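[1] Everything below, folded, please.
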Amino acid sequence: MSPAEITPTVDADDTVLIFADLQPELVAKSRTRSADGISAAAAALARAAGLFGLPMLFTVVGVDGKAPSHLPAIAEHAGAANSFTRRHARPFADEDFTAALAATGRRTLVVAGYSAEAVIQYLALDGIANGYRVAVALEGVGARSARAEAAALRRIERAGAIVTSVADILQSAEGALTGVRGKACFAIVHEFMGADG
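    Below is the predicted model:
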């Protein structure tokens, strides 16, 4: 096994959670994962971010000339200071987003969003190119095509990112499931896995 395969997926003290284009009108187009499933995964990640004190960043695009909105499950966590509207597919081309990311001082990105073949792929590849460690929260990702999603995820993994489950991400952030925080983390995982079906 390689070191990447046995190293915990995330370190809560070094992780930033990034939600990319998790917008109702976009997520509704997913053919690989239901909008409800993506929303449930995003909600679990956001709850865990609150538990662990992880910074959350939101990168969004306008749709049909309208201002971007967020999935209701995560909207309460998005505000002017951590939401960035871009006009291109690559979040790392947005100077405000990259400055906010750098300001966190953290080097591990957990990403969820729509769609795998566009913003998630570019976020992962550009993150790696900029020296970040990247973990893709698989249940929090959707795409219009299973073939396109599979190709994007293969490319992301070949570049060195980790594609894994929400449960793995959360449980690796809190190794012990016995203390107060550990029990709270396990409750989030248990609730998500029960709702995820």
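
[2] Residue 33 versus residue 115, what's the distance?
    As defined by Cβ to Cβ, to the nearest Å, residue 115 lies at a distance of 10 Å from residue 33. Quick note: C-beta positions are derived from backbone N, CA and C, even for glycine.

[3] show me where pLDDT drops low in the protein?
    In the predicted model of the chain, residues 1-6, 177, 195-197 satisfy pLDDT under 70.

[4] What are the boundaries of the helices in it?
    3-6, 24-27, 35-52, 95-104, 121-129, 146-158, 166-173, 180-196 (DSSP state H).

[5] returning to what we had before: what do residue 115 and residue 33 both touch?
    Counting by Cβ atoms under 8 Å, 6 or more residues apart in numbering, the residues touching both residue 115 and residue 33 are 141-143.

[6] could you list every residue that touches the residue nearest to residue 149 when sequence neighbours are not counted?
    The shortest distance from residue 149 to any residue that is not its chain neighbour, by Cβ to Cβ, 6 or more residues apart in numbering, is 3.6 Å, and that residue is residue 143. Residue 143 sits next to 30-33, 114-117, 149, 152 when contact means Cβ under 8 Å, 6+ apart.

[7] please redo it, this time with the cut-off set to 7 Å
    Residue 143 makes contact with 30-32, 115-117, 149, according to Cβ atoms under 7 Å, 6 or more residues apart in numbering.

[8] now residue 10
    Applying Cβ under 7 Å, 6+ apart, one finds that residue 10 lies in contact with 108, 110, 135, 169, 172-173.

[9] partner strands of the longest strand anywhere in the chain, parallel or antiparallel?
    What stands out as the longest strand in the chain, according to DSSP state E, is strand 133-142. Partners of strand 133-142 in the sheet, by DSSP bridges, are strand 108-114 (parallel), strand 162-164 (parallel).

[10] Right, I'll call it a day here.
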